[in-house]
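In: Just the structure for this:
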Amino acid sequence: MSITMPRAIRALALALVALLSIATIAAAQSAAAPAAGAADSVAYDAIPATLPSNVGSLGYSATRTSEFGDRVVLGSATGALARVQVGFSSWACETGAWNTGDCATTPGATFTHPVTVTLYAVGADGAVGAPLASSTETIVAPYRPSGDTVNCDGKKWFDGSACVSGVLFTHSFDFSGAVTLPGEVIVGIAFDTRNGGAHPLATTGPYDALNVALEGTVTVGSDADVHGVYLNSSVAGNYESTGPTGVFRADTGWAEYGTLMLAIVLDAPSAAEPPTTQPTPPPSAEDAIAASGQALPASTVQSGTAGDDRTITLQLGAAFANQWVFVTFYSEPTPVGWVWVGPTGAATFTVPASLPGGVHTIALLDESGNVVAHVAGVTVAALLAATGVAEAELILQLAIGIVLLLLGLVGVIASRRRRGAHL
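Out: Numbering: from 1, shown residues only. Down below sits the predicted model:
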């Protein structure tokens, strides 16, 4: 049976499509996944996802307070400061007052007032250090609802299940990447009232019933002291501990109310901009493990599909999301380089060709060279010893060779047909 030209061309086309498809799939499986886009990272969060109607709070006017705050420890998120969110409680009525039984508010009515948020360094023994960044914004605060004389005593409003005095809301203060924060900061919230603040206003206004919310529950980072706050009041009796008045200082004895409702959000570093420095990994796996901040389970490591376990995905979790880590393999230090951890906490990369097959330890370093975590007992497949190339590369080279061979076959067939036509 002879092969005609149309049949040969069709066979060649089908072989070409099939082989190139196999090679493309294999090459794609060996390539590192594209880096995920950067997103904001929450460094500290003591604000509930769903706000209650109200919580315990500090009234600035009632306590002659100029500034109130908390000392917080940030989580592992990295990046420049983007914004600080603060919880407030408004007890202000559009007419009347919250404590006189004549509070009346048009639904949706608001008032405005300038508020300053400042982040300070932590000094010796927890003292307030130098200011790191500050933002002053005019917040929009709701008036609390009218007093309810049916379900409540006429002084409080009814939220459908309970009678409450104030109404909880939050405001985010923009810092626009102003500074990179240390791991621990003091946050202060300051504003003026009729009889308090840096510049007392002397006249009564709804700001006299504006409070800063307490009773926060920390879900990211930690409160440095759940029984302590920072306070600047002109009245000694408003402090729980002895010390000077009229200065922003630590105060203890706040029991379960000592966590302000705050959140600190950072601009995550861009996935397109890895650090320019290269840390020096520890000289051995033993040294890396000894210096490691965290031992991650073997389940953290997932090898690639189709038996390709030189492509590795690390499922590091939310604590590592949106940041760069410097990956190094052991026994002998074999750096992979900077790898981006996406918003889901996953990082995918290809193992260097110089790393032999076998069982290894993976160390993750930060920009300062600290080993932030490690995974021991990671099995990596060997490269194909006969060729010195990875499996996907070998498939691609074989595909190209077969295609060239088929093209040569077509050329021979065509040449014979031309010779036959002249016989």
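
In: Assess the claim that residue 282 and residue 291 are in contact.
Out: Yes. Taking contacts as C-beta atoms under 8 Å, residue 282 lies within contact range of residue 291: 5.8 Å. Placement of C-beta: from N, CA and C, glycine included.

In: Between these two, point out the one with more neighbours.
Out: Neighbour count, other C-beta atoms under 10 Å: between residue 282 and residue 291, residue 282 has more, with 21 against 16.

In: contacting residues around the more buried one?
Out: 288, 290-291, 333, 363, 371 (C-beta atoms under 8 Å, 6 or more residues apart in numbering).

In: among those residues, who's most crowded?
Out: residue 363 (27 neighbours).

In: Residue 227: neighbour count?
Out: Neighbour tally, residue 227, other C-beta under 10 Å: 15.

In: The closest residue to it other than its chain neighbours and residue 218: what is the separation?
Out: Nearest residue to residue 227 in three dimensions, chain neighbours excluded: residue 258, at 4.8 Å (C-beta to C-beta, 6 or more residues apart in numbering). Distance, residue 258 to residue 218, by C-beta to C-beta, to the nearest Å: 11 Å.

In: quick one on the thing from earlier: check the residue nearest to residue 227 and give its pLDDT.
Out: What the model reports as pLDDT for residue 258 is 86.

In: What is the burial count for it?
Out: The number of residues packed near residue 258 is 20, by other C-beta under 10 Å.

In: ditto for residue 238
Out: 16.

In: Relative to residue 40, how far out is the nearest residue to it once chain neighbours are set aside?
Out: Once flanking residues are discounted, residue 238 sits nearest to residue 63: 4.5 Å by C-beta to C-beta, 6+ apart. Distance from residue 63 to residue 40, counting by C-beta to C-beta: 34 Å.

In: okay, those two: which has more neighbours?
Out: More neighbours surround residue 63 than the other of residue 63 and residue 40, with 19 against 15 (other C-beta under 10 Å).

In: still on that earlier bit, quick one: residues contacting the residue nearest to residue 238.
Out: Per C-beta under 8 Å, 6+ apart, neighbours of residue 63: 196, 233, 235, 238.

In: Please list only the buried members of these.
Out: 196, 233, 238 (16 or more other C-beta atoms under 10 Å).

In: nearest to residue 186, of the residues you listed?
Out: Closest approach between the buried ones among the contacts of residue 63 and residue 186, by C-beta to C-beta: residue 233, at 16.3 Å.

In: shaky segments in the stretch 51-200 of the chain?
Out: Scanning the stretch 51-200 of the chain for pLDDT under 70 picks out 177-178.

In: Strands of that one, start to end?
Out: 57-59, 65-73, 80-90, 110-122, 128-142, 157-158, 163-164, 167-174, 184-190 (DSSP state E, counting those that start in this stretch).

In: would you list those in TSV and tack on mean neighbour count?
Out: What follows is these, written out as TSV (neighbours: other C-beta atoms under 10 Å):
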stretch	mean neighbour count
strand 57-59	21
strand 65-73	24
strand 80-90	22
strand 110-122	18
strand 128-142	16
strand 157-158	20
strand 163-164	18
strand 167-174	18
strand 184-190	23
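
In: How many residues are close by residue 54?
Out: Residue 54 has 23 nearby residues by other C-beta under 10 Å.

In: from what I can see it touches residue 166, true?
Out: Yes. Between residue 54 and residue 166 there is a contact under C-beta under 8 Å: 4.7 Å.

In: Now the common contact residues for those two.
Out: Among the neighbours of residue 54, those also in contact with residue 166 (C-beta under 8 Å, 6+ apart) are residue 89.

In: about what we covered before: distance of the residue nearest to residue 238 relative to residue 167?
Out: Residue 63 sits 20 Å away from residue 167, going by C-beta to C-beta.

In: Same question for residue 324.
Out: Counting by C-beta to C-beta - residue 324 and residue 167 are separated by 42 Å.

In: what do you get for residue 213?
Out: Per C-beta to C-beta, residue 213 is found 11 Å from residue 167.

In: Which neighbours do the two have in common?
Out: With C-beta under 8 Å, 6+ apart, residue 213 and residue 167 have common neighbours residue 89.

In: Need the residues touching each of residue 282 and residue 291.
Out: What both residue 282 and residue 291 touch, as defined by C-beta under 8 Å, 6+ apart, is the set residue 371.

In: Using PDB, write out every CA atom in stretch 119-129.
Out: The C-alpha coordinates for stretch 119-129 follow below in PDB (Å, rounded to 0.1, in the frame of the first residue of the first chain):
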ATOM      1  CA  LEU A 119       0.900  55.800  65.500                       C
ATOM      2  CA  TYR A 120       3.900  55.900  68.000                       C
ATOM      3  CA  ALA A 121       7.000  53.800  68.500                       C
ATOM      4  CA  VAL A 122       7.000  51.800  71.700                       C
ATOM      5  CA  GLY A 123       9.600  53.200  74.100                       C
ATOM      6  CA  ALA A 124      11.300  51.700  77.200                       C
ATOM      7  CA  ASP A 125       8.900  49.900  79.500                       C
ATOM      8  CA  GLY A 126       6.100  50.500  77.100                       C
ATOM      9  CA  ALA A 127       6.300  54.300  77.200                       C
ATOM     10  CA  VAL A 128       5.000  56.300  74.300                       C
ATOM     11  CA  GLY A 129       7.900  56.800  71.800                       C
END
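
In: can you list contacts of the helix or strand hosting residue 263?
Out: Element membership of residue 263, judged by DSSP states H and E, is strand 262-267. Here strand 262-267 makes contact (C-beta under 8 Å, 6+ apart) with 38, 40-47, 70, 72, 74, 77-87, 172, 177, 181, 185, 187, 216, 221.
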